[in-house]
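[1] Give me the fold of what follows.
(one chain, ligands or ions: 2)
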Amino acid sequence: NKRDHDTLSRLASIGQVSAGIAHEVRNPLTAVKGFLQLMQQESPHVYLDIACTELERAIETLQNLLNVSKPDLDEEPYKPMHLCVELESILQLFQDQIYRVGIVKNLQDTDVLIYGRRNQLKKAFFNLLKNAHEAIEGDGKITVSHRRVGDRIVVRVEDTGMGIPTEKLELLGTPFFTTKNEGTGMGLTQVFSTIYQHGGKIEVDSVQGSGTVFEIHFPVMIQQDIGVIELSLQTVEGQS
Ligand code: ADP
Ligand code: MG
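    Ligands and ions are numbered 1, 2, ... in the order given. Prediction:
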C-alpha cells in the first residue's frame, strides 16, 4: 500500500491548478456578494439573505483551497531547522488539546537539520496529527518517531485508528476528498503539497480496523552547508 512519488507530485500540481481556479472564481463571487448586500440594505428580502449566506459558503470553500495551495506564492523562506525540536513543540501543543489519546514520542536525534518552511511544516504535521486523532474512536495512541535512512530523515506518524480502505488510498491528498461529515478534504492536500515542495515524499500504509502509518521523508542538510547553518540558526532561534 505504498504511494509513489509521481502520484504525489501529480496531486501537488492538482492543488496548484485548483488554487489558480479558486483565485479566479473567488474575486467575482466576492463582488456579487457585495452587490447583493447593498440590495439587501435598500430593500431587505429573505431570498437575498439566503443568496448571501450561500455565496459566503462558496467563498469560504475557495478561501480554504487557497490557504492550502498558496505556499508557493507565500514568502516564507526556507531556513535550516532542527526537525526534531520543532516536532517536539508541535506535539506538545497538540497533546495539550486532546484527551483520551496519548502521544508517544521518539525524537532523540535533535541534531538533524533540514531546510524548511517552519509555518508550512507546522501546519502539515498538525493536519496529520488531527487526522490521526479523528481516526481514533475512544482510547488510542499516536506514535511519532523518526529514523535516518542515508541522506534522508523519515518521520513516522502512526495511529491506532480505523484505518483507510485500500481503494481509498489513492484518493488521499486530492482536494476535497473527505469521508467525514464536517471534513474539508483539504488537510492532506496541504500536507502533500508542503512535503513535496520540501523535496520530500510521503508513504502511507494502512490496515483497515487497526491503524495507519504516514511516513514523511525529508532530505537532510549536508555537511558542507555547516558554515551557513550556524549563521542562519541564530536568526531562526532569535524568532522563537
Ligand atoms: P478531512 O480530515 O477534512 O476529511 P483530509 O485531507 O485531512 O481531510 O483527509 C482526507 C481523508 O483521508 C479523511 O476524510 C479520511 O477519510 C482519510 N484519512 C486521512 N488520515 C487518516 C488517518 N490517519 N486514518 C484514517 N483515515 C485518514
Ligand atoms: Mg484532516
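
[2] Please make it C-alpha for all contacts and neighbour counts, starting now.
    Fine.

[3] and the nearest residue to Glu56 once chain neighbours are set aside, how far is that from Gln197?
    Leaving aside its chain neighbours, Glu56 sits nearest to Lys33 (7.6 Å; criterion: Cα to Cα, 6 or more residues apart in numbering). Distance, Lys33 to Gln197, using Cα to Cα, to the nearest Å: 35 Å.

[4] Ok, Gly187 next?
    Taking Cα to Cα, one finds Gly187 at 16 Å from Gln197.

[5] again, but for Arg152
    In terms of Cα to Cα, Arg152 sits 15 Å off from Gln197.

[6] for the chain, what spans make up the helices?
    Assigned by DSSP state H, the helices in the chain fall at 5-42, 46-69, 83-95, 118-135, 166-169, 187-197, 226-239.

[7] what about the nearest residue to Thr189 once chain neighbours are set aside, neighbour count?
    Residue nearest to Thr189 in three dimensions, not counting chain neighbours: Gly173, with 4.3 Å by Cα to Cα, 6+ apart. Burial of Gly173 is recorded as 24 neighbouring residues (other Cα atoms under 10 Å).

[8] what sits against Gly173?
    Residues in contact with Gly173 (Cα atoms under 8 Å, 6 or more residues apart in numbering) are 11, 185-192.

[9] now swap in Leu121 and tell me
    Each residue near Leu121 by Cα under 8 Å, 6+ apart is listed here: 194-195.

[10] can you check the one 3 residues further on too?
    Contacts here follow Cα under 8 Å, 6+ apart; on that basis Ala124 touches 187-188, 190-191, 194-195.

[11] if we look at ligand 1, which of these are close to it?
    Counting by Cα under 6 Å from any ligand atom, 187-188 from those sit close to ligand 1.
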